[in-house]
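Colleague: curious how this folds, go ahead:
(one chain, ligands or ions: 1)
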Amino acid sequence: MNFELAEEHRMLADLVQRFVRDHLMPLEPAVLAREAAGEDSELTAEERAGLDAVSRDMGLWSLDAPEEVGGLGMPHVALVAVNEALGSTVAKYVLPPDSPNLAMLAATCTPEQREAYLAPYARGETVSAIGISEPGAGADPAGMRTRAVRADDGSGDWIINGRKIWITRAAEADFTILMAITDPVKGSRGGMSAFLVDRDTPGFNVLRRIPMVGGEYTYEVALEDCRVPGWKLLGTEGNGFGPMQVRLGTRRMEMAAWCIGAAQRALDMMTDYAPQRVTFGEKLSQRQTVQWWAADAAIAIHATRLMAYDCAWKLDQGRDVRTEISMLKVQATEMASRIIDNAMQCFGAMGMTKEMPLALMAGRVRTMRIYDGPSEVHRMVVARNLMDTRA
Ligand SMILES: Cc1cc2nc3c(=O)[nH]c(=O)nc-3n(C[C@H](O)[C@H](O)[C@H](O)COP(=O)(O)OP(=O)(O)OC[C@H]3O[C@@H](n4cnc5c(N)ncnc54)[C@H](O)[C@@H]3O)c2cc1C
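Modeller: Predicted coordinates:
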C-alpha cells in the first residue's frame, strides 16, 4: 500500500495551496468585516471575478470535468488536498465548475444535454443548483411531493408543481437540477426523476432568500405549472434517485475535505497562540487541557484525512462506498466542530469575536452537520449496513 500522492496530484495541491495563500487569505479581512457588520459574508461579484481570472490562468478550472468536454478528469484522490486547502479559509470560493452537479450531469446526460448543459458547465460558463429538499421532506427525500406530469397536449413536455426549500443558489443559478415525483406509487424506488430547469422558466418562482448560520443563504422556490421540455428530463424517467446519490457522494467528499482544512486551520491557530498566552504564571501550552485539545485534534485530523483518502480511492475504483461516505461525513463534520470549538475556547474572549475567522468557520461547519444528510441519518445508514435494524 502506497500512501504517497502521485507527483501531478501533489503539484496540483501545492498550486491550490499557493492560490489560497496569495489570493483567498488576503480577502479574509473584508469577508470578516462584512460579517461583523451584518452584511453578506460571501465573496462579492467583483472579488469572485478577480479570483476567477487568476484561478483560470493558473489552470485550476474544470479539474474533475470529463476530458471529452475539455476537463482534466482528475480523480477524487486528487481533489481531497484541493478542497482541504479551499476549506481552510472563510473566503469561500469554489473552483469552477462546482463538482457535485458536474458528476450528476456526467453520469446521466444525453448527447443533446451534453452540448447544452454539461459542456458549458464543465467550462465554468454556467452555475447550477440542486432542488431536492421540500418543506415536508428533507432528511428523507422519499417524502417528496413535487410532482411532474406529462402535458396532455402531446408535446412531450413536463408540467411541474410543488415547493422546494433550502435551495442554495436557486436565484443565481443558470439552471437547477430539480427532483420531482413522476410515479407516486413507486416514489423514490423508480418514481423519482431529475429535470433541468432554467432560471427564467415560467413557473420557476423564487419566493424568498433565507439567511442561514455561517453566512450561508438558501432559497424557497415554488413550482407553479412550470413547463419543462421533454428532452430536459435528466437520465431516464423514474431513475433520478441513483444519480442524485452520485451527486450527494461527491459533495460529501468535498465537505469532508473542507472540514479537514478548517480543523487544521483552527489547530494551527491554537498551537500558535497557546505558547504566547500566560495565565496564573504559566503558558496555556503548558496546561494539560490545552495540550490534549491540540493532541486530540491532530489525531482526529490525521484519522479523518486517511478516511477521506480511503473513500476517495474507493470511489475512483468504482466501488460501493455508501457506508464509508456516511462514516466520513459524520466523522469530518463533527471532528471539525469540536476542534474549532476548542480553539475558540483557547482564545478566550478573542475567540468570541467576529474579527477572527473561527466563529464564521464554526457556523459553516455547523451547517454541514445538516445538509446532504444530517449526522443521525448517516449513523442510521452505517448501522443499517452493520446489522438488521428493521425489527
Ligand atoms: C446551508 C444549507 C444548504 C442547503 N442546500 C440545499 C440545496 O442546495 N438543495 C437541497 O435540496 N437542500 C439543501 N439543504 C437542505 C438539507 O439537505 C436538509 O436540510 C437536510 O437534508 C435535512 O432535512 P430537513 O431540514 O427537512 O430536516 P428533517 O428531515 O426534518 O430532520 C430534522 C432532524 O431530525 C433528525 N432526524 C431525521 N431523520 C432521522 C433519523 N432517521 N434518525 C434520527 N434522527 C433523524 C435529525 O437530527 C435532523 O437534523 C440545505 C440545508 C442547509 C442547512
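
Colleague: longest helix in this structure, by residue count?
Modeller: helix 241-273 (DSSP state H).

Colleague: what residues does the helix or strand following that helix touch?
Modeller: Next along the chain after helix 241-273, taking DSSP states H and E as the criterion, comes strand 278-279. Contacts of strand 278-279 with the rest of the structure, by CB atoms under 8 Å, 6 or more residues apart in numbering, involve Leu284. Any C-beta I mention is one placed from the backbone N, CA and C, and that applies to glycine too.

Colleague: mind listing the strands strand 278-279 pairs with, and their directions?
Modeller: When sheet partners are counted by DSSP bridges, strand 278-279 sits next to strand 282-283 (antiparallel).

Colleague: any idea how far Leu267 is from the closest residue to the ligand within the stretch 101-250 of the chain?
Modeller: Nearest to the ligand, among the residues of the stretch 101-250 of the chain, is Gly138, at 1.9 Å (CB to the nearest ligand atom). To Leu267, Gly138 is 32 Å away according to CB to CB, to the nearest Å.

Colleague: quick one: which of the two has more around it?
Modeller: Taking neighbours as other CB atoms under 10 Å, Gly138 and Leu267 compare with Leu267 leading, 21 against 18.

Colleague: so the helix or strand where Ile177 lies versus helix 241-273, what angle?
Modeller: Here Ile177, judged by DSSP H and E, is contained in strand 175-181. Here strand 175-181 runs at an angle of 120 degrees relative to helix 241-273 (axes from the mean of the first three to the mean of the last three CA atoms, to 10 degrees).

Colleague: so which other helices or strands are in contact with strand 175-181?
Modeller: Packed against strand 175-181, as judged by 3 or more CB pairs under 8 Å, 6 or more residues apart in numbering; DSSP states H and E, are the following elements: helix 99-108, strand 128-131, strand 147-150, strand 158-167, strand 192-198, strand 217-228.

Colleague: near the ligand, which residues of the protein?
Modeller: Applying CB under 6 Å from any ligand atom, we find that the chain lies next to the ligand at 129-133, 138-140, 166-168, 212, 216, 218, 367, 370-374, 376-377, 380.

Colleague: just the pLDDT for the residue of the stretch 101-250 of the chain closest to the ligand.
Modeller: With respect to pLDDT, Gly138 has a value of 93.

Colleague: check contacts around the closest residue to Leu105 other than its chain neighbours.
Modeller: Among residues not flanking Leu105 along the chain, Leu118 sits closest, at 4.5 Å (CB to CB, 6 or more residues apart in numbering). By CB under 8 Å, 6+ apart, the contact set of Leu118 is Pro66, Val69, Leu102, Leu105, Ala106, Cys109.

Colleague: residues in contact with the last one?
Modeller: Taking CB under 8 Å, 6+ apart, we find Cys109 in contact with Tyr117, Leu118, Leu234.

Colleague: distance of it relative to Leu234?
Modeller: As judged by CB to CB, Cys109 and Leu234 stand 7 Å apart.

Colleague: quick one: pLDDT of the residue of the chain most remote from its centre?
Modeller: In the chain, Gly281 marks the outermost C-alpha relative to the chain mean, sitting 44.4 Å out by CA atoms, centre = their mean. Listed pLDDT for Gly281 reads 98.

Colleague: per-residue pLDDT, Phe241?
Modeller: 88.

Colleague: how about Ala391?
Modeller: 62.

Colleague: one more: Met1?
Modeller: Met1 is given a pLDDT of 84.

Colleague: spatially nearest residue to the residue nearest the centre of the chain (excluding sequence neighbours)?
Modeller: Nearest to the geometric centre of the chain sits Arg251, at 4.3 Å (CA atoms, centre = their mean). In this structure, Arg251 finds its nearest non-sequential neighbour in Pro100, 4.2 Å apart by CB to CB, 6+ apart.

Colleague: isn't that neighbour up against Met244?
Modeller: No - with contact defined as CB atoms under 8 Å, Pro100 does not count as touching Met244 (9.8 Å).

Colleague: wouldn't Glu28 be in contact with Val90 here?
Modeller: Yes - in this structure, Glu28 is within contact of Val90 by CB under 8 Å, at 5.9 Å.

Colleague: anything in contact with each of those two?
Modeller: In contact with both Glu28 and Val90: Pro357, using CB under 8 Å, 6+ apart.

Colleague: helices and strands around the longest helix of the chain, which ones?
Modeller: Here helix 241-273 touches helix 76-87, helix 99-108, strand 192-198, helix 288-316, helix 322-346, helix 358-368, going by 3+ CB pairs under 8 Å, 6+ apart.

Colleague: just give me the neighbour total for Leu306.
Modeller: 11.

Colleague: ok, now the one 4 residues further on?
Modeller: Using other CB under 10 Å, Asp310 has 15 neighbouring residues.

Colleague: do Ala6 as well
Modeller: For Ala6, using other CB under 10 Å, the count is 12.

Colleague: appreciated, that's everything.
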